[in-house]
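Enquirer: Turn this into a model:
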Amino acid sequence: MSRIGKMPISVPAGVEIKNENNLLTVKGPKGELTRQFNTALGIEVENGVITVTRPNDEKKNRSLHGLTRTLIANMVEGVTNGYSKTLEIEGVGYRAAKSGNKVTINLGFSHPVIFEDTDAIKLEVPQPNRIVVTGIDKQAVGQYAAEIREKRPPEPYKGKGIRYAGEVIIRKEGKAGKGKK
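Expert: Here you go, the predicted structure:
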């Protein structure tokens, strides 16, 4: 039995769960998420607790058991609290600014890089060197943050670029001076 898969998921007050043939809809104060899960697994919702069961110990069912439970827990967490990723911009002249629903980032290119808010993802710029990506879908928030970071990943010599908050960049030593003869 999967250690993660057998753990029950408690549903907080104000969250509605609807399960139709493993098409799970989770509705909460922040929004609504829908996802189709494998029909081989059993998803039961009763008394404010969600449990995921598997029919047998085949390898496919064992691998889906913990994954399904985690995805459902992430959906419940997303509609109640939401998710956010913070990106830090490091470098001389590198900065971000928000106007309307667009974030303009100057990263040393000949043109500014522009990202827009979507229906699911909201961008905030509390400081010129910080971008906060928020939303209710954990996967979508992580993907959007990765796309922003991809425009200028941190380089190992000076540490310039876009990094996640708390990310440690392993620095390399620069070029050595002239050797002795």
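Enquirer: Which of the three states applies to the residue nearest the centre of the chain?
Expert: For the chain, the residue sitting closest to the mean C-alpha position, by Cα atoms, centre = their mean, is G142 at 2.7 Å. On the three-state scheme (DSSP: H, G, I helix; E, B strand; the rest coil), G142 is labelled helix.
Enquirer: residues in contact with it?
Expert: For G142, the contacting residues are 83, 85, by Cβ atoms under 8 Å, 6 or more residues apart in numbering. Any C-beta I mention is one placed from the backbone N, CA and C, and that applies to glycine too.
Enquirer: what does Y94 give?
Expert: With contact set as Cβ under 8 Å, 6+ apart, Y94 has these partners: 105-108, 129, 152, 160-162.
Enquirer: who wins for most neighbours among those residues?
Expert: Among the contacts of Y94, I162 has the most neighbours (other Cβ atoms under 10 Å), with 25 neighbours.
Enquirer: tell me which residues in the biggest helix by length in the chain are buried?
Expert: Looking across the chain with DSSP state H, the single longest helix is helix 59-80. Going by neighbour count (16 or more other Cβ atoms under 10 Å), the buried part of helix 59-80 is 61, 64-80.
Enquirer: again with stretch 44-56
Expert: Using 16+ other Cβ under 10 Å as the test for burial, stretch 44-56 gives 45, 50-52, 54.
Enquirer: That stretch: end-to-end distance?
Expert: With Cα to Cα, to the nearest Å as the measure, stretch 44-56 spans 17 Å from end to end.
Enquirer: Off-centre distance for it?
Expert: Stretch 44-56 sits 25 Å away from the centroid of its parent chain (Cα atoms, centre = their mean, to the nearest Å).
Enquirer: tell me the mean pLDDT for it?
Expert: Per-residue pLDDT over stretch 44-56 has a mean of 92.
Enquirer: contacting residues around it?
Expert: Contacts for stretch 44-56 (Cβ under 8 Å, 6+ apart): 2, 5, 8-11, 17, 19, 40-43, 61-62, 64-65, 68-69, 72, 76.
Enquirer: got any ranges where this structure has weak pLDDT?
Expert: Low-confidence segments of the chain (pLDDT under 70): 1-2, 177-181.
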